[in-house]
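K.L.:
got a predicted model here, sequence first, then my questions.
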Amino acid sequence: MSFEAKRCGVQFSPPSIVLIYQHKETKDVRKRTIPVRNFSKYSDCSMAAEGLKNHPRHRDYLEGVSQSQLEKLHIILRDHMQGLSLEHSLASFRLDPDEDLNQLDDDKLARKKGKMDELFEKNRKHKDDPDFVYDLEMDFTKTTQEKCSWDEESDDGF
């Protein structure tokens, strides 16, 4: 059987992954609710996502859904179990250029780095791309740098 995943989401009560898919031969669009069992607020989301993707009952339906997407859905479920709001959970996946990443814990930092990797791969130019230019040179305007007190102090000693 061949299925094409159209949309994927979560349901909080009971904890489930909701998949909207289309059967490729009959073109029927259906909804499948996949319960997330043995999952708590302390569970490893990557292991749970991998287990769900390789489960014999759901394998054919989740073939078109990436592992990272399933991990994100499990993280949202886990955050809900920990009492965090959906907005807070989704905000942890967004990139803010002014955010200080040194202040984040390891879990949130891993989410941000994963999102940065995704964005990099999406914007990356490959050799086969029609607008690929080898050895591209660009001029950047030089901005004035802010003066810091430690810069002035270090000049005196040398």
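P.N.:
Good, I have the coordinates. Numbers count the residues shown, from 1 in each chain.

K.L.:
can you list the low-confidence ranges for the chain?
P.N.:
For the chain, the stretches with pLDDT under 70 are 1, 149, 151-158.

K.L.:
look through it and tell me its longest helix.
P.N.:
helix 106-123 (DSSP state H).

K.L.:
distance of the spatially most central residue of the chain relative to residue 5?
P.N.:
The residue lying closest to the centre of the chain (CA atoms, centre = their mean) is residue 115, at 5.0 Å. Separation of residue 115 from residue 5 (CB to CB, to the nearest Å) stands at 21 Å. In short, each C-beta sits where N, CA and C put it, glycine included.

K.L.:
next one: residue 49
P.N.:
14 Å.

K.L.:
okay, those two: which has more neighbours?
P.N.:
residue 49 (24 against 17; other CB atoms under 10 Å).

K.L.:
can you tell me which residues contact the more buried one?
P.N.:
Contact analysis of residue 49 by CB atoms under 8 Å, 6 or more residues apart in numbering lists 67, 70, 71, 73, 74.
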